[in-house]
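In: Need the 3D shape of this:
(one chain, ligands or ions: 1)
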Amino acid sequence: MTAAETADTAAISATSLLRFATAGSVDDGKSTLVGRLLHDSKSVLSDQLAAVELASRNRGQAAPDLALLTDGLRAEREQGITIDVAYRYFATPRRRFILADTPGHVQYTRNMVTGASTAELAIILVDARNGVVEQTRRHAAVAALLRVPQVVLAVNKMDLVGYEEPVFARIAAEFGRYATSLGVRDVTAIPISALAGDNVVTPSATMDWYGGPTVLEHLETVPVAHDPSAEPARFPVQYVIRPQSPEHPDFRGYAGQLASGVLRVGDRVTVQPSGLTSTVTAIDALGQSVDLAWAPQSVTVSLADDLDISRGDLLAPADATAPTSQDVTATVCHLHDRPLLPGARVLVKHTTRTVKAIVREIPSRLTLDDLSPHPEPGRLAANDIGRVVLRTAEPLALDDYAVSRTTGSFLLLDPADGATLTAGMAGEAFADAAAGPGTDAGPGAADDGWDF
Ligand SMILES: Nc1nc2c(ncn2[C@@H]2O[C@H](COP(=O)(O)OP(=O)(O)OP(=O)(O)O)[C@@H](O)[C@H]2O)c(=O)[nH]1
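Out: Numbering: from 1, shown residues only. Got it, this is the predicted structure:
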């Protein structure tokens with residue numbers, strides 16, 4: 001196989017996997033939709049189905065309540081606050097799926113950010129009786145912020161509005177206008193009844209006016225832009241391997257997972273942030289020497305020169321390096337109940353690197369209903385989305401999130417206890433929405449290692 005063929009194979013095999021997330025307000029029918037998808041696509045084990053049928057009968061329901069299929073995990077979540085997002089795996093003959101199932105009720109923004117951050121598609125549910133509501137707009141805004149490439153609007157409970165086309169058309173048009181204003185390019189609206197099974201897996205006989213795909217058909221066929229060669233290579237070093245065995249006295253390799261792009265033997269690379277350069281002499285994948293590797297493979301890379309490289313350094317093509325700076329401006333979603341304030345001392349966890357930083361400014365906070373600036377910027381509470389300006393202790397090689405969702409994102413941690421405070425996306429958020437009045441920088445840094 002030639003190198004180009006290998007890369008093609010990589011792109012093809014990657015397209016057979018779709019990561020998607022669901023979002024909806026309370027009672028819009030998320031659990032029923034997921035249960036219906038699993039049931040009708042025959043992804044449910046017969047003993048699971050028997051248990052659901054029994055539980056439904058015990059509750060006096062004639063038909064199995066498919067929402068119960070997702071209830072096992074829900075019970076788990078309700079016992080503790082740690083499981084916010086449950087991942088489900090299922091497959092059809094055409095594609096494998098990873099579904100991030102996020103609870104809709106409390107902490108919706110935070111859960112959706114966690115669930116959708118790696119998703120290639122988000123299904124946003126609305127109740128056909130209510131149409132687009134405040135939470136729908138928030139979900140669309142989060143999907144836009146996270147640059148989820150595809151959005152599906154599932155207009156559910158069509159059975160309760162007489163399966164009428166004008167109801168669907170009105171909701172789809174309103175959502176389409178809003179999503180477009182956020183910069184979401186790909187919206188597919190599908191009228192469904194998760195309860196009755198219309199247009200989830202099986203085309204609806206009642207809504208014969210709808211000529212589009214069912215939810216599953218869309219999930220199976222939606223193009224997933226996974227061409228690793230279209231992105232610059234990014235290789236965050238996880239471990240330096242130096243076996244110092246008698247057979248390989250000089251061996252030194254750098255192990256890690258390719259965050260994006262394709263890396264080839266012979267590539268000229270720059271070590272970031274130091275700026276040293278060298279050439280890739282060998283790539284080892286699963287114990288085999290290969291000519292090239294692509295994201296998200298885990299590999300060990302050897303270089304021609306003996307450079308000072310450690311965990312957290314980034315290898316990038318010498319002609320396509322990541323921007324390196326100690327001053328970071330980013331859009332963030334604050335996740336923790338402790339508010340984020342200017343002057344806060346934090347740790348920035350970016351790929352395999354963790355550095356100290358100070359929150360210099362919180363210049364804006366977005367009102368997610370219409371993306372206007374919040375009247376009180378300067379602090380972020382849990383679930384808030386806003387902009388922050390950070391000063392890091394050491395330079396970070398941080399891409400714009402629009403260029404790479406992996407090397408353009410980071411987490412802020414509390415240095416006192418390691419708690420995850422905030423999820424960040426470097427660079428611009430929406431076209432204009434992030435601009436707001438400035439706030440003063442926080443208290444000056446003391447001379448105890450946080451002065452940078
Ligand atoms: N008539 C009708 N009822 C539905 C439909 N889909 C869901 N429901 C009902 O709506 C209620 C809520 O459904 P769930 O699937 O539990 O909703 P959810 O969005 O998962 O709710 P939370 O996760 O608690 O936010 C249940 O009583 C369902 O039976 C539908 O297409 N038509």
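
In: thought residue 256 was touching residue 239?
Out: Yes: using Cβ atoms under 8 Å, residue 256 is in contact with residue 239, at 7.2 Å. Just so you know, the C-beta spots here come from the backbone N, C-alpha and C atoms, and that holds for glycine as well.

In: and the residue of the stretch 351-452 of the chain found nearest the ligand, which of the three is it?
Out: Here the stretch 351-452 of the chain gets closest to the ligand at one residue, residue 383, 16.1 Å apart by Cβ to the nearest ligand atom. Here residue 383 takes the coil state, with states given by DSSP: H, G, I helix; E, B strand; the rest coil.

In: Burial check on it, number of neighbours?
Out: 19 (other Cβ atoms under 10 Å).

In: so is the nearest residue to residue 129 once chain neighbours are set aside in a helix, a strand, or just coil?
Out: Computed as Cβ to Cβ, 6 or more residues apart in numbering, the closest residue to residue 129 that is not its neighbour in sequence is residue 160, at 5.6 Å. Recorded secondary structure, residue 160: helix (three-state DSSP).

In: count of residues packed around residue 160?
Out: 13.

In: Check for me that residue 138 belongs to a helix.
Out: Yes: assignment of residue 138 by three-state DSSP places it within a helix.

In: how many neighbours does it have?
Out: Counted with other Cβ under 10 Å, residue 138 comes out at 21.

In: So for the residue nearest to residue 129, what's the pLDDT?
Out: Note for residue 160: predicted pLDDT of 97.

In: And it, how close does it get to residue 167?
Out: 10 Å (Cβ to Cβ, to the nearest Å).

In: and for the two, which residues touch both?
Out: Residues touching both residue 160 and residue 167 (Cβ atoms under 8 Å, 6 or more residues apart in numbering) are residue 128.

In: Tell me where the longest strand sits in this protein.
Out: strand 353-367 (DSSP state E).

In: and the next helix or strand after it, average pLDDT?
Out: Sequence order places strand 372-373 as the next helix or strand after strand 353-367, per DSSP states H and E. Mean pLDDT, strand 372-373: 73.

In: Return the list of helices and strands in contact with the helix or strand that strand 372-373 is followed by.
Out: Moving toward the C-terminus from strand 372-373, the next helix or strand (DSSP H and E) is strand 385-397. Using 3 or more Cβ pairs under 8 Å, 6 or more residues apart in numbering; DSSP states H and E, the elements in contact with strand 385-397 are helix 134-145, strand 324-334, strand 345-350, strand 353-367.

In: In terms of secondary structure, what does the second one contact?
Out: Here strand 324-334 is seen to pack against helix 108-116, helix 134-145, strand 385-397, strand 420-426 when contacts are counted using 3+ Cβ pairs under 8 Å, 6+ apart.

In: For the ones you listed, which has the smallest mean pLDDT value?
Out: Across these, the lowest-scoring stretch is helix 108-116, with a mean of 69.

In: On the three-state scheme, whatever residue of the stretch 201-350 of the chain ends up closest to the ligand is what?
Out: Nearest to the ligand in the stretch 201-350 of the chain, going by Cβ to the nearest ligand atom, is residue 204, at a distance of 11.0 Å. Recorded secondary structure, residue 204: coil (three-state DSSP).
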